[in-house]
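Novice: Whatever this is, show me its structure:
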Amino acid sequence: MRGIASMPLVVILSLLGFLQQVEANCTLCINDTPFNPDGTIGATPCSMFGPIIAETDATDPTCTDFQLQSYRHCSCESYPTDVFCSMCPDGVFDIPNKNKQIPELGMTCDEALFAKKADASNICEEIPKYAYFCGCSGIGEAPTLSPTPLPPTTTGVQASAETATSTSSGTTTSATSGVSSVGLDLAIAVTLTALVCSIH
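Specialist: Alright, predicted model coming up:
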């Protein structure tokens with residue numbers, strides 16, 4: 001039987017690249033940049049998240065959902081801009097009118113700060129129209145709003161708990177629930193609590 005040593009170098013390198021891709025684990029911050037360990041998501045310190053979220057594959061939607069929340073609550077440098085769009089320029093999320101209702105969208109300004117680009121609705125085109133209304137910095141004057149009604153079932157961004165995974169005794173289970181995107185702190189706290197319990 002031919003061993004690895006007898007394989008052509010290009011084949012060995014290809015196999016190593018494949019294994020590295022398969023083993024890519026999620027990191028708390030996108031690109032594994034530094035974070036503030038004293039920040040919290042829900043009641044859980046950011047410092048507890050790293051080992052837990054590392055159990056998730058980097059390509060899992062749960063990973064990018066957590067990275068968005070880490071950006072907001074753990075002082076990560078950025079968020080997955082290829083997955084999410086933002087209301088405010090440059091992804092700013094510190095706004096004065098977080099609880100202000102946006103009647104046309106059926107959500108608060110805080111809930112509308114970010115949206116998933118893959119959402120079937122036109123939410124990514126709509127939320128920037130409310131940047132001035134919600135108090136985003138860098139917006140000089142109120143634009144003329146011509147909001148396009150969203151489908152009745154759209155509540156904003158469908159994020160994390162869509163594919164929250166927990167690992168217990170070597171068995172992975174998936175739970176699906178529709179959670180409106182970035183009012184998702186409670187869902188994350190519940191998911192993380194389950195993950196923490198499963199590893200003890």
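Novice: going forward, measure contacts and count neighbours with C-alpha atoms only.
Specialist: Will do.
Novice: Low-confidence regions, the chain specifically.
Specialist: 1-23, 140-200 (pLDDT under 70).
Novice: Going along the chain, name the strands of it.
Specialist: 40-41, 44-45, 84-86, 101-102, 107-108, 114-116, 164-168, 171-175 (DSSP state E).
Novice: Against A112, how distant is A54?
Specialist: Distance, A54 to A112, by Cα to Cα, to the nearest Å: 28 Å.
Novice: More neighbours: which of the two?
Specialist: A112 (31 against 15; other Cα atoms under 10 Å).
Novice: wait, isn't the more buried one in contact with P128?
Specialist: No - A112 lies out of contact with P128 (Cα atoms under 8 Å); the separation is 9.2 Å.
Novice: Next, show the common contact partners of the two.
Specialist: In the contact map built from Cα atoms under 8 Å, 6 or more residues apart in numbering, the residues linked to both A112 and P128 are M87.
Novice: C134: what's it in contact with?
Specialist: Contacts of C134 by Cα under 8 Å, 6+ apart are I95, P96, N97, K98, K100, C109.
Novice: these two touch, right, the first one and C136?
Specialist: Just to be clear, that refers to I95. Yes - shown here, I95 and C136 form a contact pair, counting by Cα under 8 Å, at 5.6 Å.
Novice: So which bits of stretch 124-142 are buried?
Specialist: Residues of stretch 124-142 classed as buried by neighbour count (16 or more other Cα atoms under 10 Å): 124, 126-137.
Novice: Out of the residues you listed, which comes closest to K117?
Specialist: C124 (6.4 Å; Cα to Cα).
Novice: mind listing the helices for the protein?
Specialist: For the chain, the helices defined by DSSP state H cover 9-22, 49-53, 61-73, 123-126, 131-134, 185-198.
Novice: circling back: which two from the contacts of C134 end up farthest apart in space?
Specialist: I95 and K100 (10.4 Å).
Novice: circling back: any chance of the buried residues of stretch 124-142 in a markdown table with distance to M48 as columns?
Specialist: A markdown table is the format used below for these (distance: Cα to Cα, whole Å):
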| residue | distance to M48 |
| --- | --- |
| C124 | 32 |
| E126 | 35 |
| I127 | 32 |
| P128 | 33 |
| K129 | 37 |
| Y130 | 35 |
| A131 | 33 |
| Y132 | 36 |
| F133 | 36 |
| C134 | 32 |
| G135 | 32 |
| C136 | 31 |
| S137 | 32 |
